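S.K.: Give me coordinates for this.
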Amino acid sequence: MKSEKFRSGYQWAPNRALLYATGKSPGDLKKPLIGLCSSFTDLIPGHVHMRILERDIEKGIHSGGGISFLFSVPGICDGIAMGHEGMHYSLASRELIADMIESVMIAHRLDGMVLLTNCDKITPGMLMAAARLNLPAIVVTGGPMYTGRLNGKRLSLVRDTFEAVGRRQAEKINDEELACLELEACPGAGSCQGLYTANTMACVTEALGMSLAGCATALAVGAKKRRIAYASGERVVELVKENLTPRKIMVRAAFENALTIDMALGGSTNTCLHIPAIAHEAEVALPLEVVDNVSRHTPTIASLEPTGNYYMEDLEFAGGIPAVMKRLGNRLNNCKLTVTGKTIREIAHEAKLTDEEVIRDFKRAYRPEGGIAVLRGNLAPDGAIVKQAAVTEAMMKYTGKAVCFDSEDLAMKYILGGKAKAGQVLVIRYEGPRGGPGMREMLGPTAALVGQGLADKVALITDGRFSGGTRGPCLGHVSPEAASGGPIALVKNGDTIVIDIPGRKLALNVSETEMKNRASAWRAPKAKITTGWLARYAECVTSAATGAVLVAPSENRKKKA
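M.R.: Purely as a prediction, here's the structure:
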């Protein structure tokens, strides 16, 4: 164990003295030392209940024979950060979280860790740290929020607040109705109710084998979540004793399982950033081709908000991720190692599937392919991502005229001004990992289009990214990004753009000669942010096509050259 370094020997007396000063005893230092990394904060609904879960995890660690040491990482709520400068920090915070966990765990030579997380970038950041450090670890996701209620109707954050903004702009509802929705849509603690990024990543974590069975969908305010938290504390001590480390669990087959679950459920496009980034830390190659291949061979068997009318609470009551595993059967790899101590087949065999409509069989699948598609073409040579499960059949193939914006803010002003029209392709650029910087989510523009009734009349493409709550023909992660001189930087108003999701094509109908002339005339714009750590982030971040991971600035400049 890592802590063996200072458990004995006179030269380590000062180190032990400082640990004794925290209230620990000589007997305590003979036990496994477990870091409990919590992302509790008063700012995020998905995290406000974590003080209770921290206590349950601590009790489990102590019952299992370990000693817990609580430390924290920051959290950013994408919903609160949406639509303003705060969103620049969301994706970038993923790297901070991984780095902070690395710093604390190595500096204090702890033997294992429980990672208490929930929302969008925190979960992948913690999994990246687990893969990087390769110390025994288990993840506890904080659980989904219950749906809201108003006039007998279930409510959720995206449809009943973000999309309601578009309905208000179109005068389909009034200010009083909007005020009622914003009060009732989010009734309390938990990650937002649909299969948005937070809940998608919780499902991915369980599918990877890094959290206990049932953890992903166990509701935030339920006793089941507390029991899972306690059991996770107990189990991590066993993981330390067994030396069962994350890289033994997060192998290529496990990542394929995570993608299969993701595609079967119709999860967030943000997983196309996060799963490759986690795999990168685990030293597992996972190019975008793998994502698309898994999607082509995995039917969508669930229809959760925002693509459908079911919610995370419905998935929980239908049997959760174990029930999805049971349904998928041999389409999943039978990974032998998970933090549960059971194989994937064993977890699936023990599951109970209680709702045949929430989790359908293959014959009645909602779609023959998975939720996400990877498109390529002269507009996205390195790839673009679309949540095809959220696109109507009429918009799976679409040709339109480009209307270009060099920032999300300009596009949002255009949309809320009522200027978006059928037949357009709104192009939002210079919002990629480097150009943003931080690759802002664009739930505001996409939700406003839906609220205005334009989801099947207007397409949107960007080198930025979309919320897990986005629906409609919205293509993100266009790579290379505009700030790196990618073709999206060369699009002009009135250009014809062809989107063919079944054919996996994203094309700009402009001649090769004209594109070369435009490229020769293009000049990189001045960086939007030149101070603070985001400026350093922009120097180090790689393409969305590789998960927007960080490399040394010199290496990044060499790649871009």
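S.K.: remind me, longest strand of this protein?
M.R.: Across the chain, the strand with the greatest residue count (assigned by DSSP state E) is strand 397-405.
S.K.: Let me know the angle separating the following helix or strand past it from strand 397-405.
M.R.: For strand 397-405, the following helix or strand on the C-terminal side (DSSP states H and E) is helix 408-416. Counting by axes from the mean of the first three to the mean of the last three Cα atoms, to 10 degrees, helix 408-416 lies at 120 degrees to strand 397-405.
S.K.: Give me the residues contacting helix 408-416.
M.R.: With contact meaning Cβ atoms under 8 Å, 6 or more residues apart in numbering, helix 408-416 is reached by 83, 165-166, 169, 403, 405, 420, 426, 428, 431, 440, 442, 444-445, 448-449, 452, 462, 464. From N, CA and C alone the C-beta is placed, and that goes for glycine too.
S.K.: Narrow those residues to those in helices?
M.R.: Val165, Gly166, Gln169, Gly444, Pro445, Ala448, Leu449 (DSSP state H).
S.K.: could those be laid out in CSV, adding distance to Leu33 and pLDDT?
M.R.: Shown next, in CSV, are the ones in helices among the contacts of helix 408-416 (distance: Cβ to Cβ, whole Å; pLDDT from 0 to 100):
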residue, distance to Leu33, pLDDT
Val165, 49, 87
Gly166, 51, 85
Gln169, 55, 86
Gly444, 45, 84
Pro445, 48, 88
Ala448, 50, 88
Leu449, 51, 90
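S.K.: Of these - the most surrounded one?
M.R.: When neighbours are counted by other Cβ atoms under 10 Å, Pro445 leads the ones in helices among the contacts of helix 408-416 with 28 neighbours.
S.K.: Now do the contacts for it.
M.R.: Glu408, Ala411, Met412, Ile415, Leu426, Ile428, Leu460.
S.K.: Same question for Glu206.
M.R.: Taking Cβ under 8 Å, 6+ apart as the criterion, Glu206 is in contact with Thr141, Leu212, Ala213, Gly214, Cys215, Ala216, Ile261, Ile321.
S.K.: and with 10 Å instead?
M.R.: Listed by Cβ atoms under 10 Å, 6 or more residues apart in numbering, the contact set of Glu206 reads 139, 141, 212-217, 257-258, 261, 320-322, 324-325, 338-340, 347.
S.K.: where does this protein have low pLDDT?
M.R.: 554-561 (pLDDT under 70).
S.K.: Mind checking which residue lies nearest the centre of it?
M.R.: Residue closest to the mean C-alpha point of the chain, counted by Cα atoms, centre = their mean, is Thr197 at 4.1 Å.
S.K.: Please tell me how far that residue sits from Leu219.
M.R.: Distance of Thr197 to Leu219, given as Cβ to Cβ, to the nearest Å: 18 Å.
S.K.: Show me the helices in the stretch 151-300 of the chain, by range?
M.R.: Using DSSP state H, counting those that start in this stretch, the helices of the stretch 151-300 of the chain run over 157, 163-169, 175-184, 197-208, 223-242, 246-249, 252-265, 271-281, 288-296.
S.K.: tell me which residues in the fifth one are buried?
M.R.: What it means is helix 223-242. For helix 223-242, the neighbour count (16 or more other Cβ atoms under 10 Å) marks 225-226, 228-241 as buried.
S.K.: and those, which two are the farthest apart?
M.R.: Greatest spacing in these, by Cβ to Cβ: Lys225 and Lys241 (25.5 Å).
S.K.: Pull out the CA atoms of the helix or strand harbouring Ile34 and give them to me as CSV.
M.R.: Ile34 is part of strand 33-38 when elements are defined by DSSP H and E. Only the C-alpha atoms of strand 33-38 are listed here, as CSV (Å, rounded to 0.1, in the frame of the first residue of the first chain):
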residue,chain,number,x,y,z
LEU,A,33,-6.0,5.0,4.4
ILE,A,34,-8.8,5.9,2.1
GLY,A,35,-9.4,9.3,0.4
LEU,A,36,-13.0,10.3,0.2
CYS,A,37,-13.1,12.9,-2.6
SER,A,38,-16.4,14.7,-2.5
